[in-house]
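> A structural model of the following input is requested.
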Amino acid sequence: MIATNNPSPVFKRMKRDWQLYLLLLLPLVWLLVFRYVPMYGAQIAFKKYMVTQGIAGSPWVGFANFERFLKSAKFELVIVNTLVLSFYQLIGGFPFPIILALCLNQVRQRAFKKTVQLVTYAPHFISMVVLVGIMLQVFHPRIGLTAYFARILELDAPNWMGSRSAFSHVFVGSGLWQNVGFRAIIYLAVLATIDPTLHEAAVVDGASKLQRIWYIDLPGLLPTAMVLLVLQTGRVLNLSFEKIYLMQNPLNIRVSEVISTYVYKVGLLSTVLDFSYGSAIGLLQGIVSLILILVVNRLARRLSGHGIW
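Presented below is the predicted three-dimensional model:
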C-alpha cells in the first residue's frame, strides 16, 4: 500500500481560516516583544545591578534585596497604605457602576438616558494631571470651591488635600467620579443581552421594578461582575502611580506613600540609583497580585460558580 501524507485536521483548519490566525499573530508578537522578552531583566532583582557590568555581569546576591525591603523602616507603612487604599477603592468603587447601569436600564426617556451617560462617561477621558489639578483648585483651603461654600456657611475651610484622614476619601471619591460611567457601559451591554420576554412575563405576573431587577437583571450581571471583580482584585496593589504621586505633599505623606511611589523614590530619585532594589519590590508585588487573583478566582468559583477559568 502506498502511504498518503494527508494533512492533519488542525492544519486544514489553519489553512481554511488563515485570516483569523493572521489577526492573532499581531497581539501574540506584541505580547512576546513587550511582555515576555522584558522578563529577562527581572533577574536584576536577585543581583546587585551595575550599569557598567550589565545584567549578565552583575554579581548575584540572591534574596538580599527582598530581605532589605522586608526589614526596611518603611515596609509596614507602604504596605498598610497600599492595602488600605486598594481595598477601599475596590470595595467602594465596585458596586456603583452596577447600580448606575441598573438605574439607567430602567430609564425610558432616551434623551435623559443619553445625557446621564455622557455626563458620567466623559470624565474618564480627563488626563490624570488635569484631574489632580482640578482637585487642587476645588479643594484649595483659601481660593477653592469648598473654601467659598465654607465662608458662606461661616465655617473654617478644611484642607482636604493636606488632611491625612481625608486623603483616602478624596482619592477614592475622585476615582469613582472619573470611572463609574465608563465601567457602567460594560454592565449596560450585558443588560441589553437579557431576554426581554423575561421582563414581560414578570410584568404579567405583577412583579415590581425592584423585583425584576433583583430576580432578572442581577442574576444576568453576576457572571460578568465576578470576572471583573477577580480582575480588579489582581490589580489591587497596582494603584495609580501618577495620581497618588501628584496628590502627595508633606502633610499627607504618612498616608499617601504606597509601593509604587516608594519604588520610584528609592529606585530613581535617590542619590544612588538602586534598580535592583526597586525591581525586587516590583517582583514581590507581582507575585502577591498573582496569588490574590488565584485565591479570589477560587472563592468566586465556589460561591457563584463563575470566574476567569
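
> contacting residues for Phe66?
45, 280, 284 (C-beta atoms under 8 Å, 6 or more residues apart in numbering). For the C-beta atoms, the positions are set from N, CA and C on the backbone; glycine is no exception.

> quick one: the second one is in a helix?
Going back to what we said before, that points to Ala280. Yes. Membership of Ala280 in a helix is supported by DSSP: H, G, I helix; E, B strand; the rest coil.

> contacting residues for it?
Shown in contact with Ala280 (C-beta under 8 Å, 6+ apart): 45-46, 65-66, 68-69.

> please identify which of these is nearest to Leu273.
Relative to Leu273, the closest of the contacts of Ala280 is Asn65; by C-beta to C-beta it sits at 13.8 Å.

> that closest one and Ala45 touch, don't they?
Yes. Counting by C-beta atoms under 8 Å, Asn65 does reach Ala45; the two are 5.9 Å apart.

> higher neighbour count, these two?
Asn65 (24 against 21; other C-beta atoms under 10 Å).

> state the helix or strand in which that one lies.
In this structure, Asn65 sits in helix 64-70 according to DSSP states H and E.

> name the residues that touch the next helix-or-strand element following that helix?
Using DSSP H and E, the helix or strand that follows helix 64-70 towards the C-terminus is helix 75-93. The contact list for helix 75-93 (C-beta under 8 Å, 6+ apart) reads 69, 168, 171-172, 175-176, 179-180, 232-233, 236-237, 239, 244, 254-259, 262.

> one step back: overlap in contacts, Asn65 and Ala45.
Common neighbours of Asn65 and Ala45, using C-beta under 8 Å, 6+ apart, are 276, 279-280.

> which one of these is nearest Phe112?
Looking across those and measuring by C-beta to C-beta, the closest to Phe112 is Ser279, at 51.2 Å.

> the closest one reaches Ala42, doesn't it?
Yes. Counting by C-beta under 8 Å, Ala42 is a contact partner of Ser279 at 6.6 Å.

> more neighbours: these two, which one.
Shown here are Ser279 and Ala42; by other C-beta under 10 Å, Ser279 has more neighbours (21 against 14).

> show me the contacts for the more buried one.
41-42, 44-45, 49, 65, 267.

> now those residues as a markdown table including pLDDT?
Formatted as a markdown table, the contacts of Ser279 follow (pLDDT from 0 to 100):
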| residue | pLDDT |
| --- | --- |
| Gly41 | 87 |
| Ala42 | 87 |
| Ile44 | 90 |
| Ala45 | 91 |
| Tyr49 | 88 |
| Asn65 | 91 |
| Gly267 | 79 |
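
> Serialize those residues to a markdown table and add fields for distance to Glu76 and secondary structure.
Converted to a markdown table, the contacts of Ser279 look like this (distance: C-beta to C-beta, whole Å; DSSP: H, G, I helix; E, B strand; the rest coil):
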| residue | distance to Glu76 | secondary structure |
| --- | --- | --- |
| Gly41 | 29 | helix |
| Ala42 | 25 | helix |
| Ile44 | 25 | helix |
| Ala45 | 21 | helix |
| Tyr49 | 26 | coil |
| Asn65 | 18 | helix |
| Gly267 | 20 | helix |
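
> reformat the residues you listed as a markdown table; add distance to Ala101.
As requested, the contacts of Ser279 are exported to a markdown table (distance: C-beta to C-beta, whole Å):
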| residue | distance to Ala101 |
| --- | --- |
| Gly41 | 41 |
| Ala42 | 39 |
| Ile44 | 44 |
| Ala45 | 41 |
| Tyr49 | 47 |
| Asn65 | 44 |
| Gly267 | 40 |
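
> pick out whichever of those residues sits closest to Pro196.
The shortest gap between Pro196 and any of the contacts of Ser279 belongs to Ala42, at 50.7 Å (C-beta to C-beta).

> let me have the contacts of Phe66 in a markdown table, extended by distance to Trp60.
Formatted as a markdown table, the contacts of Phe66 follow (distance: C-beta to C-beta, whole Å):
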| residue | distance to Trp60 |
| --- | --- |
| Ala45 | 11 |
| Ala280 | 13 |
| Leu284 | 18 |
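
> okay, now the unreliable bits of this structure?
For the chain, the stretches flagged by pLDDT under 70 are 1-7, 304, 306-309.

> returning to that earlier point: buried sites along the helix holding Asn65?
Under the neighbour-count criterion of 16 or more other C-beta atoms under 10 Å, helix 64-70 has 65-66, 68-69 buried.

> much appreciated, bye for now.
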